[in-house]
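Q: Turn this into a model:
(one chain, ligands or ions: 1)
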Amino acid sequence: MSLREYTFAYQVHDDKNSLSPADQSLIEISVNACGKAYAPYSDFKVGAAIRTTDQQVIVGSNQENGAFPIGQCAERVALYNMIHHLGRLPIDTISISVDNPQQKTPASPCGSCRQVLSEYRSFQKTPIRLLLTLAGGGVVYEINDVMDILPFAFDGAFLGL
Ligand code: THU
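A: This is a model prediction of the structure:
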């Protein structure tokens, strides 16, 4: 028997001011993207802003539906937006902001978004950094790589890709 252990560390910033100007701007863009969310059922508005390694930025927001399961998360809307409008470019950072009065800490991506981002991450081979914030400001969670929050992931390698 052997033990395999997984550890995960992430940075907590008191506010966005300790981040670079480019990161602060990406956060502001994701906060603004919350304004395009369609979340009449949850009132949980999420904005995502992707910055590619060549410094292009593209956004998405969650889009709900009366048939609940077919709603789409902000992260996936942003990713698919990027693929269509900019191409399958390497991603540097994704800022994800939540606008919801009850939410007191930043939210992290749901399991489905982690899986979708991990598929993208597996071919780009470089880390996809995450910045998680509340739209109203306050702490920023900085996660070095999306794979840090999806350990032991299933990926195309199991299918011979
Ligand atoms: N949501 C996102 O857009 N991203 C996340 O990371 C978590 C959840 C959305 C889905 C749904 O519209 C609402 O937030 C409540 O779950």
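Q: isn't residue 56 right up against residue 89?
A: Yes - using C-beta atoms under 8 Å, residue 56 makes contact with residue 89 at a distance of 7.1 Å. For every residue, glycine as well, the C-beta is placed using N, CA and C.
Q: how about the nearest residue to residue 57 once chain neighbours are set aside, secondary structure?
A: What sits nearest to residue 57 in space, not counting adjacent residues and going by C-beta to C-beta, 6 or more residues apart in numbering, is residue 51, at 5.2 Å. Three-state assignment for residue 51 (DSSP: H, G, I helix; E, B strand; the rest coil): strand.
Q: pLDDT score for residue 51?
A: As predicted, residue 51 sits at a pLDDT of 98.
Q: how close does it sit to the ligand?
A: Residue 51 is 17 Å from the ligand, where distance means C-beta to the nearest ligand atom, to the nearest Å.
Q: and that residue, how far is that from residue 18?
A: Using C-beta to C-beta, to the nearest Å, residue 51 is found at 18 Å from residue 18.
Q: can you give me the mean pLDDT across stretch 103-116?
A: 97.
Q: ends of that stretch, how far apart?
A: The first residue of stretch 103-116 is 24 Å away from its last residue (C-alpha to C-alpha, to the nearest Å).
Q: do stretch 146-157 as well
A: Using C-alpha to C-alpha, first and last residues of stretch 146-157 are 18 Å apart.
Q: Please identify which of residue 51 and residue 18 sits among more neighbours.
A: residue 51 (22 against 12; other C-beta atoms under 10 Å).
Q: Show the contacting residues for that one.
A: Neighbour list for residue 51: 22, 26, 57, 91-95 [criterion: C-beta atoms under 8 Å, 6 or more residues apart in numbering].
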